[in-house]
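A.B. asks: Curious how this folds, go ahead:
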Amino acid sequence: MPLGTLDRNPPPFFHQGPSALSRLLLAAALAIFLMAADHRFALIQPLRNGLATALVPVVQAVGLPVELAAGSADYVGGLRQALARNEALQHQLTAQAEQATRADRLAQENAQLRALLDLRPAVPPHSQVAEVLYEAPDPYVHKIFIDRGTRQGVVAGAPVMNEHGILGQVTRTYLLSSEVTLLADRDATIPVLNARTQHRSAAFGTGDEAQMELRFVATNDDVKPGDLLLTSGIDGLYPAGVPVAKVNSVNRQGEGGFAHISLTPAAKTGGLRFVLLLGPVNTQADTAVAAAVAAASAAASAASAASANEFGSAPK
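C.D. replies: The predicted structure is shown next:
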């Protein structure tokens with residue numbers, strides 16, 4: 001057969017169509033078109049939403065074992081922590097119950113001793129919780145303002161404290177707020193009592209919120225670092241026995257025959273949010289005495305009136 005009569009076309013089985021480069025260009029153009037159309041007209045968004053919705057149960061089913069394992073571990077760990085916390089709270093409650101019982105017993109003994117010694121009964125100070133509004137803008141003073149004023153019964157000189165000890169006292173009152181001068185202020189002074197030696201002295205502010213001074217203490221006085229200073233109660237403002245500061249250092253080579261004693265306040269003034277406002281002790285005592293006198297006068301008047309009625313109703 002002549003060569004020119006041969007069919008050189010491949011059979012249908014081996015027919016390859018367009019070249020690979022042509023198909024790549026076509027696929028790239030189609031992809032670009034679909035991306036542009038989806039960005040412009042959001043054509044694929046319904047399909048994407050439907051696919052995402054259909055895959056939600058599958059994703060949840062696949063992640064369920066992992067969530068169950070993590071939840072079981074968290075439950076076991078939380079249960080152990082809850083049991084440990086419950087046990088710690090039970091121990092704390094038992095200790096507090098013991099302390100409350102001891103405090104009640106001491107209060108009864110104190111009342112009995114005061115009755116035996118014919119002393120005036122101790123008056124518990126009136127207290128109320130106050131919120132700190134803001135600090136004084138002056139950097140050279142240490143004062144705060146609270147949201148209680150004369151309308152709530154606040155008076156000048158009322159002690160202010162928190163759960164750690166004395167913070168200061170009210171120095172100025174307004175209708176709905178009050179100004180509190182902290183113990184760190186240079187003008188602050190408070191009489192204190194050394195809990196170890198029962199020696200009375202006076203603590204002064206230094207302008208530094210982390211430091212106070214114990215002044216007018218002789219160089220030979222028994223004062224040691226670590227001594228706890230409490231309110232003495234002799235000023236009639238602060239209740240006795242509240243922590244004020246601890247002795248930080250003692251320098252017995254001070255000038256004028258007095259030792260230089262540095263103190264660390266018991267109550268930190270940084271980050272105050274709520275404080276406890278007490279009534280002055282002398283005001284409480286005067287109120288109690290006035291109430292007792294008024295009650296005695298009322299009883300005497302009633303007795304006199306009863307006697308007069310009885311005498312007037314007697315037969316002549």
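
A.B. asks: which is the next helix or strand following whichever helix or strand Gly77 is part of?
C.D. replies: Using DSSP states H and E, Gly77 maps to helix 45-116. Toward the C-terminus, helix 45-116 is succeeded by strand 127-135 as the next helix or strand (DSSP H and E).

A.B. asks: and Gly153, what does it touch?
C.D. replies: Gly153 sits next to His126, Gln128, Gly279 when contact means CB atoms under 8 Å, 6 or more residues apart in numbering. In short, each C-beta sits where N, CA and C put it, glycine included.

A.B. asks: most neighbours, which of those residues?
C.D. replies: Neighbour counts for those (other CB atoms under 10 Å) peak at Gly279, which has 22 neighbours.

A.B. asks: ok, it touching Ala158?
C.D. replies: Yes. Counting by CB atoms under 8 Å, Gly279 touches Ala158, with 6.0 Å between them.

A.B. asks: all helices in this protein, in order from the N-terminus.
C.D. replies: 20-41, 45-116, 281-312 (DSSP state H).

A.B. asks: quick one: low-confidence parts of the stretch 51-200 of the chain?
C.D. replies: Within the stretch 51-200 of the chain, the segments meeting pLDDT under 70 span 118-125.

A.B. asks: Distance check, Gln45 against Gly279.
C.D. replies: Distance, Gln45 to Gly279, by CB to CB, to the nearest Å: 71 Å.

A.B. asks: for Ala195, what are its contacts?
C.D. replies: Asp227, Leu228, Leu229, Leu230 are the contacts of Ala195 under CB under 8 Å, 6+ apart.

A.B. asks: if we go to 10 Å?
C.D. replies: Asp227, Leu228, Leu229, Leu230, Gly241, Pro243, Lys246 (CB atoms under 10 Å, 6 or more residues apart in numbering).

A.B. asks: Scan the residues you listed and report the most crowded one.
C.D. replies: Leu229 (29 neighbours).

A.B. asks: Now that residue. Nearest residue, chain neighbours left out?
C.D. replies: Val192 (4.1 Å; CB to CB, 6 or more residues apart in numbering).

A.B. asks: Beta-bridge partners for the one you found, please?
C.D. replies: Ser201, Thr231 (DSSP bridges).

A.B. asks: mind checking the backbone torsions on the residue nearest the centre of the chain?
C.D. replies: Most central in the chain under CA atoms, centre = their mean is Arg273, positioned 6.0 Å from the mean C-alpha point. With angles defined as degrees, to the nearest 10, Arg273 sits at phi -120, psi -50.

A.B. asks: thought it was touching Val132?
C.D. replies: Yes. Taking CB atoms under 10 Å as the definition, Arg273 is a contact partner of Val132 at 6.0 Å.

A.B. asks: and for these two, which residues touch both?
C.D. replies: Joint contacts of Arg273 and Val132 (CB under 10 Å, 6+ apart) do not exist.

A.B. asks: measure the residue nearest to the centre of the chain to Asp38 for me?
C.D. replies: For Arg273 relative to Asp38 (CB to CB), the value is 55 Å.

A.B. asks: Kindly report the same for Ala259.
C.D. replies: Ala259 is 85 Å from Asp38, by CB to CB.

A.B. asks: Neighbour count: the two, which is higher?
C.D. replies: Using other CB under 10 Å as the criterion, Ala259 and Asp38 rank with Ala259 on top: 18 against 14.

A.B. asks: if I look at that one, how far off is Glu213?
C.D. replies: 10 Å.

A.B. asks: what's the answer for Leu167, then?
C.D. replies: From Leu167 across to Glu213, the span is 17 Å (CB to CB).

A.B. asks: can you list the domain ranges for the protein.
C.D. replies: 33-122, 127-285 (automatic domain parsing).

A.B. asks: Give me whichever of those is most buried.
C.D. replies: domain 127-285 (a mean of 17; mean count of other CB atoms under 10 Å).

A.B. asks: how far does that one sit from the chain's center?
C.D. replies: Its chain's C-alpha centre and that of domain 127-285 lie 19 Å apart, by CA atoms, centre = their mean, to the nearest Å.

A.B. asks: nearest to Ala184, of the helices of the chain?
C.D. replies: Nearest to Ala184, of all the helices of the chain, is helix 281-312, at 22.6 Å by CB to CB.

A.B. asks: So for the closest one, mean pLDDT?
C.D. replies: Across helix 281-312, the average pLDDT comes to 50.

A.B. asks: before we move on, what about stretch 208-223?
C.D. replies: On average, stretch 208-223 scores 89.

A.B. asks: rewinding a little: helices or strands up against the helix holding Gly77?
C.D. replies: Contacts defined by 3 or more CB pairs under 10 Å, 6 or more residues apart in numbering; DSSP states H and E place helix 45-116 against helix 20-41.
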